[in-house]
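Enquirer: Pasting the sequence and the predicted coordinates here, then a few questions.
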Amino acid sequence: MPNAMADRIEALLKRRPGLCESEICETLFGDEPRHQGVNAACRALLAAARLQRQGRGGPNDPYRYYPARAE
């Protein structure tokens, strides 16, 4: 899954695990409207087992992303 955005997200979460999608978007892109791209990249990273997430996915308990654990 070669994708520059996914690679940037993965690298960020290795440095700062536990960010939610809005925090990832703000950290990487400032106020640029990139939320849909960040969401898609996070889902692709989850599907590829490169990330893990915790949380229920709602406003009070957003998904928080972490690097996948090495097995």
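Expert: The structure has been received and is ready for your questions.

Enquirer: in what helix or strand does residue 32 lie?
Expert: For residue 32, there is no host helix or strand (DSSP states H and E).

Enquirer: Show the contacting residues for the residue sitting nearest the centre point of the chain.
Expert: Most central in the chain under Cα atoms, centre = their mean is residue 42, positioned 4.4 Å from the mean C-alpha point. When contacts are counted by Cβ atoms under 8 Å, 6 or more residues apart in numbering, residue 42 touches 9, 21, 24, 51, 53, 63, 65. All C-beta atoms are positioned from the backbone trio N, CA, C, and that covers glycine.

Enquirer: CSV please, covering the residues you listed and showing neighbour count, distance to residue 30 and secondary structure.
Expert: Output for the contacts of residue 42, formatted as CSV (neighbours: other Cβ atoms under 10 Å; distance: Cβ to Cβ, whole Å; DSSP: H, G, I helix; E, B strand; the rest coil):
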residue, neighbour count, distance to residue 30, secondary structure
9, 26, 15, helix
21, 21, 15, helix
24, 24, 12, helix
51, 21, 22, strand
53, 16, 23, strand
63, 17, 21, coil
65, 26, 19, strand
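
Enquirer: Would you reformat those as a markdown table and include pLDDT?
Expert: A markdown table is the format used below for the contacts of residue 42 (pLDDT from 0 to 100):
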| residue | pLDDT |
| --- | --- |
| 9 | 96 |
| 21 | 94 |
| 24 | 96 |
| 51 | 96 |
| 53 | 96 |
| 63 | 96 |
| 65 | 97 |
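
Enquirer: Can you name the two of these that sit furthest apart?
Expert: Spatially, the most separated pair among these is 9 and 63, at 12.7 Å (Cβ to Cβ).

Enquirer: Look up which residues are beta-bridged to residue 66.
Expert: Counting by DSSP bridges, residue 66 is bridged to residue 52.

Enquirer: by contact count, what packs against whichever strand or helix holds residue 14?
Expert: Using DSSP H and E, residue 14 falls within helix 4-15. If you count contacts as 3 or more Cβ pairs under 8 Å, 6 or more residues apart in numbering; DSSP states H and E, helix 4-15 packs onto helix 21-29, helix 35-47, strand 51-54, strand 64-67.
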